[in-house]
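# sequence below, structure please.
(one chain, ligands or ions: 2)
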Amino acid sequence: MAKASAQFTCTDCGAVHRKWSGRCDACGAWNSIIEEAPLSAGPAGKSLGGAKGRRIDLTTLAHEEAPPPRTLCGMAEFDRVLGGGLVPASAILVGGDPGIGKSTLLLQAVAAFARKGLKCLYISGEEASAQVRMRAMRLGLADAPVSLGAETNLRDILTTLEAERPDLVVIDSIQTMWADMVEAAPGSVSQVRAAAHELVTFAKSRGVSVILVGHVTKEGQIAGPRVVEHMVDTVLYFEGERGHQFRILRAVKNRFGPASEIGVFEMTGGGLAEVANPSALFLSERGQPAPGSAVFAGIEGTRPVLTEIQALVAPSSLASPRRTVVGLDSGRVSTILAVLESRCGIPFAGLDVFLNVAGGLKVLEPAADLALAAALLSAREDVALPADLVIFGEISLSAALRPVGQAENRLKEAEKLGFSQAILPVGTKLEGGAGMALRKLPDLVTFVGDMFGAG
Ligand code: TYD
Ligand code: MG
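Residues are numbered from 1 along each chain as shown. Ligands and ions are numbered 1, 2, ... in the order given. Have a look, this model is predicted:
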């Protein structure tokens, strides 16, 4: 029998490679590939005969079934990101950088669910029960009927779950869990994968919802949350800048609701506070109209969100000028710089470019193209845009402006926040007449001429 050879696994994304290399082809991470013991191939030499195994029940697609009853925890931002509350027997992964506030968020959420009548369990593998209790006290949640456990041994946890049969269990974090049937250190890819698989299968078969916490790891031997993304129903990432108090919970996968939905929170002394009107928050730091600032009317998930895109353009002393981009797709920025240069005749060679989205939000919609170009041009020409102007539209490589979806929602939100003019692509479909002055432009060249004179 051929000897099973070791396999090489990326600790970032879990991709399996035949040999070691410095960079993972699947996700592009450096130094993330480690050697793992081979998975057991199962009993060899026998085929799965028709006589073995149980015949499964097959049904038709038209089978009548009531949608699962969802439970709302009352934290509106959290409920919305879940797709409208918690689905019974669902598996959820909450990923994020260490220290970003995952434990705080989930303690608040689990306390809220417990107060709504769900039987909730919080298993911490990182902190002692006393520590979690202290945090609960500080957050004013000490009276919530949540059962607390501090444990990392998966076998003990599963036995407890079997006996307790809760409605919801939080595992904080999956990287600390340890399954004794796998001969690998806690946190390694095989351990994390095995522990997640056991927990999710158990939860599904017993009707328990499970929330797994996963730390995003930068490098080293600890597996990241991406390794378990495919096993769960819903993947949420908790993001934010360490220096900022804003935190964004983003759904990147959701079998029970729209992906790319976001919930906005603010980290305060008393825990995470919900931010019901994120646009107002992201624009709150805007002062007098200044060159390099453009307001983008965006859509995050199902909700319009206005953000300020800030640009700074300065003469460079470097041979290849700096392109520093925070919160936007840097490939997109390069494309727009190239379009400005070759279609509009506005060079950025010899100029350092800095771009930023105020408040720490990540804006990845192509609809942000025009606002991004406006911020760049405004910074380069040192001309401030009107304070009551919002912008959206996609830019094609030919410099034409392409209409984007949900224009009406974007305009409505802008109007609500006191904006009175908008620039958008020609061909944008609008049903009702918006209460704003609309300028529909065909291409970027017209935009440049319109806003900044002949260029
Ligand atoms: P935590 O939830 O422990 O992060 P994670 O589980 O993602 O590692 O949050 C850690 C940070 O949150 C810590 O730096 C302190 C801050 N924090 C507050 O600002 N206010 C609070 O009420 C709490 C509980 C934490
Ligand atoms: Mg934690």
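# skipping adjacent residues, who's closest to whatever residue of the stretch 201-350 of the chain ends up closest to ligand 1 in space?
Closest contact between the stretch 201-350 of the chain and ligand 1, by Cβ to the nearest ligand atom, is at Gly271 (4.1 Å). For every residue, glycine as well, the C-beta is placed using N, CA and C. Once flanking residues are discounted, Gly271 sits nearest to Leu139: 4.3 Å by Cβ to Cβ, 6 or more residues apart in numbering.
# and the residue positioned nearest the centre of the chain, bridged to which residues?
Centroid check for the chain by Cα atoms, centre = their mean gives Arg250 as the closest residue, at 3.5 Å. Beta bridges link Arg250 to Tyr237, Ile262, judged by DSSP bridges.
# relative to Gly327, how far out is it?
Computed as Cβ to Cβ, to the nearest Å, the Arg250 to Gly327 distance reads 13 Å.
# for Arg54, give its distance to ligand 1.
42 Å (Cβ to the nearest ligand atom, to the nearest Å).
# so that residue: helix, strand or coil?
Of the three states, Arg54 takes coil according to DSSP: H, G, I helix; E, B strand; the rest coil.
# next: Leu372.
Leu372 ends up helix, using three-state DSSP.
# all helices of the stretch 201-350 of the chain, in order?
278-283, 330-344 (DSSP state H, counting those that start in this stretch).
# most tightly surrounded among those helices?
helix 278-283 (a mean of 20; mean count of other Cβ atoms under 10 Å).
# quick one: contacts of that helix?
Identification of contacts with helix 278-283 by Cβ atoms under 8 Å, 6 or more residues apart in numbering yields 246, 262, 264, 266, 275, 295, 300, 303-308, 358-359, 361, 413, 417.
# distance of the closest residue to Gly292 other than its chain neighbours relative to ligand 1?
Once flanking residues are discounted, Gly292 sits nearest to Ala379: 3.4 Å by Cβ to Cβ, 6+ apart. To ligand 1, Ala379 is 34 Å away according to Cβ to the nearest ligand atom.
# wait, Ala379 touches Ile309, no?
No: contact criterion Cβ atoms under 8 Å: Ala379 and Ile309 do not qualify, at 10.3 Å.
# now do the longest strand anywhere in the chain, average pLDDT.
Looking across the chain with DSSP state E, the single longest strand is strand 303-315. The pLDDT scores in strand 303-315 average 93.
# in it, which residues are buried?
Buried residues in strand 303-315, counted by 16 or more other Cβ atoms under 10 Å: Arg303, Pro304, Val305, Leu306, Thr307, Glu308, Ile309, Gln310, Ala311, Leu312, Val313.
# how about those, which pair is most distant?
Arg303 and Val313 (31.6 Å; Cβ to Cβ).
# quickly list what Ser147 is bridged to.
Leu121.
# give the contact list for it.
Lys119, Cys120, Leu121, Tyr122, Glu164, Pro166.
# for the residues you listed, which one is nearest ligand 1?
Looking across the contacts of Ser147 and measuring by Cβ to the nearest ligand atom, the closest to ligand 1 is Tyr122, at 12.2 Å.
# list the contacts for the residue lying closest to the closest one once chain neighbours are set aside?
Distances taken as Cβ to Cβ, 6+ apart place Val170 nearest to Tyr122, at 4.8 Å, with adjacent residues excluded. By Cβ under 8 Å, 6+ apart, the contact list for Val170 reads Leu106, Val110, Cys120, Leu121, Tyr122, Ile123, Val210, Ile211, Val213.
# what about Val170, is that helix, strand or coil?
strand.
# touching, the residue of the stretch 201-350 of the chain closest to ligand 1 and Ala112? I think so.
No: Gly271 is beyond contact range of Ala112, at 11.4 Å (criterion: Cβ under 8 Å).
# tell me the contacts of the residue nearest to Gly271?
Thr104, Leu107, Gln108, Ala111, Gly270, Gly271.
# doesn't the third one belong to a strand?
No: read with three-state DSSP, Gln108 is helix and lies in no strand.
# tell me if I'm right that it and Gly270 touch.
No: the criterion here is Cβ under 8 Å, and Gln108 misses it with Gly270 at 10.1 Å.
# quick one: which of the two has more around it?
Neighbours around Gln108 and Gly270, counted as other Cβ atoms under 10 Å, are more numerous at Gln108. The numbers are 25 against 9.
# quick one: residues contacting that one.
Gln108 touches Met75, Leu139, Leu141, Gly271, Leu272, counting by Cβ under 8 Å, 6+ apart.
# contacting residues for the third one?
For Leu141, the contacting residues are Leu107, Gln108, Ala111, taking Cβ under 8 Å, 6+ apart as the criterion.
# in a markdown table: those, plus distance to Leu236 and pLDDT.
Shown next, in a markdown table, are those (distance: Cβ to Cβ, whole Å; pLDDT from 0 to 100):
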| residue | distance to Leu236 | pLDDT |
| --- | --- | --- |
| Leu107 | 15 | 95 |
| Gln108 | 14 | 95 |
| Ala111 | 18 | 95 |
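# what is the nearest of those residues to ligand 1?
Distances from ligand 1 to the contacts of Leu141, taken by Cβ to the nearest ligand atom, are shortest for Leu107, at 7.6 Å.
# can you pull out the helices in the stretch 351-455 of the chain?
Under DSSP H, counting those that start in this stretch, the stretch 351-455 of the chain gives helices at 369-381, 407-416, 444-452.
# how about residues contacting the longest one?
What that stands for is helix 369-381. 291-296, 309-313, 328, 332-333, 336-337, 339-340, 346, 348, 351, 353, 355, 384-385, 391-395, 401, 423-425, 444, 447-448, 451-452.
# with the second one instead?
If you take Cβ under 8 Å, 6+ apart as the criterion, helix 407-416 is touched by 279, 295, 297-299, 304-306, 390, 392, 422, 424, 428-432, 434-436, 438.
# 7 Å - rerun?
279, 297, 299, 304, 306, 390, 392, 422, 424, 428-431, 434-436 (Cβ atoms under 7 Å, 6 or more residues apart in numbering).
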